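[1] sequence and predicted structure below; questions after.
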Amino acid sequence: MRSPAAPFAHDDVAAAGLLLAGEPLAVDLANTVTVATDPAVELLVDDERHAAFWALQAHRLPPGATAPSPGQTADLRSAVRSVLLSHLDNLPFDRSAVSAVNAAAADAPSAPQLAIVTAGAGLRTSWGTQDSVALTVGAVARSAIDVVTGSSADRLRVCASDACSLLFVATHAKRQWCSSAVCGNRARVARHARRQRQEL
Ligand SMILES: [Zn+2]
């Protein structure tokens, strides 16, 4: 089966210190901390990992966007995680998290534009700010809004493994693992071992 993270090369994902990448931007950011263990595990452990995360995501950020500071990233992640988890668990939204996401989206207004290309017309986005960090933060905020209100809003899930807390948007209804190659495979191996024990 094609990995949902296919556009992201495995080595690049590992180099960025991530367990998964290629989910919507907001989900990828939310997954930079894992909470299946106590205490939670921070994946953006230092400036290098922080820079690597944003470098990995650069191709889907607006042109000219640059990385926020680690502190801005942490604040953004906290607001985005709150919104995604409230949606996932069907809990009331935290108002300050919603305000933070809305403010970030408003700081990077955009308009769809028709671009004339050789084959006809294409879509281009015109961004209403030159602030390179606001572009990045705004793109993540828009992604969070889309994940909880868009056409896949009922497909946000947490990995079915007890040892994993990664979020993903299920591209097909039956998907229950963050990655079939990691958690899905671990579950298959465990099931196989159980069956063998029962047959002895
Ligand atoms: Zn998992």
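    The structure has been received and is ready for your questions.
[2] which parts of this structure sit against the ion?
    Residues of the chain lying near the ion by Cβ under 5 Å from the ion: 159, 161, 164, 166, 178, 183. Any C-beta I mention is one placed from the backbone N, CA and C, and that applies to glycine too.
[3] lowest-confidence one in those?
    pLDDT across those is lowest for residue 183, at 88.
[4] surely that one is in contact with residue 168?
    No. Checked against Cβ atoms under 8 Å, the pair residue 183 and residue 168 is beyond contact range at 10.3 Å.
[5] hey, what's in contact with both of these two?
    Jointly contacting residue 183 and residue 168 under the rule Cβ atoms under 8 Å, 6 or more residues apart in numbering are residue 159.
[6] of these two, who's got more company?
    Taking neighbours as other Cβ atoms under 10 Å, residue 183 and residue 168 compare with residue 168 leading, 24 against 21.
[7] show me what the more buried one bridges to in the sheet.
    When bridges are called by DSSP bridges, residue 168 pairs up with residue 157.
[8] which residues touch it?
    Contact partners of residue 168, counting by Cβ under 8 Å, 6+ apart, are 4, 20, 23, 27, 156-157, 159, 175, 178.
[9] mind checking which of those land in helices?
    residue 27 (DSSP state H).
[10] ok, the contacts of residue 168 vs residue 191, which is closest?
    residue 159 (16.2 Å; Cβ to Cβ).
[11] all strands in this structure, in order from the N-terminus.
    Counting by DSSP state E, the chain has strands at residues 33-34, 41-42, 110-117, 120-127, 156-158, 167-169.
[12] mean pLDDT and distance to residue 104 added to those strands, as JSON lines?
    Output for these, formatted as JSON lines (pLDDT from 0 to 100; distance: least, Cβ to Cβ, whole Å):
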{"stretch": "strand 33-34", "mean pLDDT": "95", "distance to residue 104": "19"}
{"stretch": "strand 41-42", "mean pLDDT": "95", "distance to residue 104": "21"}
{"stretch": "strand 110-117", "mean pLDDT": "92", "distance to residue 104": "13"}
{"stretch": "strand 120-127", "mean pLDDT": "91", "distance to residue 104": "13"}
{"stretch": "strand 156-158", "mean pLDDT": "97", "distance to residue 104": "19"}
{"stretch": "strand 167-169", "mean pLDDT": "96", "distance to residue 104": "19"}
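[13] and among these, the most buried is which?
    strand 167-169 (a mean of 22; mean count of other Cβ atoms under 10 Å).
[14] pull out the buried residues from the lowest-mean-pLDDT helix or strand in the chain.
    In the chain, no helix or strand scores lower on mean pLDDT, DSSP states H and E than helix 185-199, which sits at a mean of 79. Neighbour counts over helix 185-199 (16 or more other Cβ atoms under 10 Å) mark no residue as buried.
[15] kindly export that helix (C-alpha atoms) in PDB.
    Output in PDB follows, covering the C-alpha atoms of helix 185-199 (Å, rounded to 0.1, in the frame of the first residue of the first chain):
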ATOM      1  CA  ASN A 185       3.200  -3.700  11.000                       C
ATOM      2  CA  ARG A 186       3.900  -3.800  14.700                       C
ATOM      3  CA  ALA A 187       0.200  -4.900  15.200                       C
ATOM      4  CA  ARG A 188       0.500  -7.500  12.500                       C
ATOM      5  CA  VAL A 189       3.700  -9.000  14.100                       C
ATOM      6  CA  ALA A 190       2.000  -9.100  17.500                       C
ATOM      7  CA  ARG A 191      -1.100 -10.800  16.100                       C
ATOM      8  CA  HIS A 192       1.100 -13.300  14.300                       C
ATOM      9  CA  ALA A 193       3.000 -14.000  17.500                       C
ATOM     10  CA  ARG A 194      -0.200 -14.500  19.500                       C
ATOM     11  CA  ARG A 195      -1.500 -16.900  16.900                       C
ATOM     12  CA  GLN A 196       1.700 -19.000  17.000                       C
ATOM     13  CA  ARG A 197       1.600 -19.100  20.800                       C
ATOM     14  CA  GLN A 198      -2.000 -20.400  20.700                       C
ATOM     15  CA  GLU A 199      -1.100 -23.100  18.200                       C
END
